[in-house]
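[1] Return atomic coordinates for the entry below.
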Amino acid sequence: MNTTPEEFLKQYYTPSVKQPQIITIPALNFLMIDGHGDPNTTPDYSTVVSALYTLSYTLKFDLKKRGETPDYKVFPLQGLWWSSNMDDFVTGTKSNWDWTMMIAQPDWVTAEDIDRAKIKALAKVTQAVLDRMRFEPCDEGLVVQLMHIGPYSAEGPNIARLHQFAFDQGYKLTGKHHEIYLGDPNKAAPDKLKTIIRQPVSK
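    Numbering: from 1, shown residues only. Okay, here's the model as predicted:
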């Protein structure tokens, strides 16, 4: 990433609500944690999300205090979703879902920076959860994406529209279903939430 996080967000995280977009996403480094189960009822899900935000903000403020890198805005929460039986996404059997929750980090962040932040984050996050967290690149490459506005439960038609657009353009679906959460469900009304729906594709 040769741009600031703010510039990167504007360039790659602003798809249209009306028209799906096919775009190549550059590789980014992420903090990631894997999990399983219904995000609405599995306690581990909220624990993981809280830990990702805590470490990301601890890292940001630690770097700012040291004054060795530019200040930046923390990236939004993202999720990769899949199941051994993809019909689970059609039937809404969320208890069978596997997921990776993740937050991107600026390219100047190093593994040593992460380790330092983990020590500071121990005041709020257990060692067991921090041990599950990994720092690694994600390089999706070519994707089709669309902005969904509304509750997460209403994404179905837009996911279908996104897939059909890819098929109509001669692409096949690859990789995992990807969502980027630009809204805060604790603050915004469900019908105002903004979520980027993204799917890797190939010819």
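[2] Just the mean pLDDT for the helix or strand containing residue 7, thanks.
    In this structure, residue 7 sits in helix 5-12 according to DSSP states H and E. Helix 5-12 comes out with an average pLDDT of 81.
[3] any low-confidence regions in this protein?
    Scanning the chain for pLDDT under 70 picks out the ranges 1-4, 86-92.
[4] middle-most residue in it, spatially?
    Nearest to the geometric centre of the chain sits residue 78, at 1.2 Å (C-alpha atoms, centre = their mean).
[5] buried set for stretch 105-116?
    Neighbour-count burial for stretch 105-116 flags 105, 106, 107, 109, 113, 114, 116 (criterion: 16 or more other C-beta atoms under 10 Å). In short, each C-beta sits where N, CA and C put it, glycine included.
[6] How about the contacts made by the residue nearest to residue 32 when sequence neighbours are not counted?
    Once flanking residues are discounted, residue 32 sits nearest to residue 102: 4.2 Å by C-beta to C-beta, 6 or more residues apart in numbering. By C-beta atoms under 8 Å, 6 or more residues apart in numbering, the residues touching residue 102 are 30, 31, 32, 33, 52, 77, 78, 79, 80, 138.
[7] Kindly give a single PyMOL line that selects the buried subset of those.
    Of these, the buried ones can be selected in PyMOL as follows, counting by 16+ other C-beta under 10 Å:
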select buried, resi 30+31+32+33+52+77+78+79+80+138
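[8] Residue 201 pairs with what?
    residue 173 (DSSP bridges).
[9] how near is it to residue 191?
    Going from residue 201 to residue 191 by C-beta to C-beta, to the nearest Å gives 29 Å.
[10] Which residues in stretch 156-172 does the neighbour count mark as buried?
    Neighbour-count burial for stretch 156-172, with 16+ other C-beta under 10 Å as criterion, is recorded at 158, 159, 162, 163, 165, 166, 171.
[11] what does it rub up against?
    Applying C-beta under 8 Å, 6+ apart, the external contacts of stretch 156-172 come out as 20, 22, 142, 144-146, 148, 173, 177, 197, 199, 201-203.
[12] what about 7 Å?
    Residues outside stretch 156-172 that contact it (C-beta atoms under 7 Å, 6 or more residues apart in numbering): 20, 22, 144, 146, 148, 173, 197, 199, 201, 202, 203.
[13] Just give me the neighbour total for residue 199.
    Residue 199 has 22 neighbours, counted by other C-beta atoms under 10 Å.
[14] That one belongs to a strand, doesn't it?
    Yes - counting by DSSP: H, G, I helix; E, B strand; the rest coil, residue 199 is found in a strand.
[15] Next up, the contacts around it.
    Neighbour list for residue 199: 143, 144, 162, 163, 166, 173, 177, 178 [criterion: C-beta under 7 Å, 6+ apart].
[16] Quick one: the strands in this protein, in order.
    According to DSSP state E, the chain carries its strands in the segments 21-25, 28-36, 77-82, 98-105, 134-138, 141-149, 172-173, 177-181, 194-202.
[17] Any chance of TSV for these, columns distance to residue 66?
    Compiled in TSV, the strands of the chain are given as follows (distance: least, C-beta to C-beta, whole Å):
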stretch	distance to residue 66
strand 21-25	30
strand 28-36	19
strand 77-82	25
strand 98-105	15
strand 134-138	18
strand 141-149	33
strand 172-173	43
strand 177-181	29
strand 194-202	32
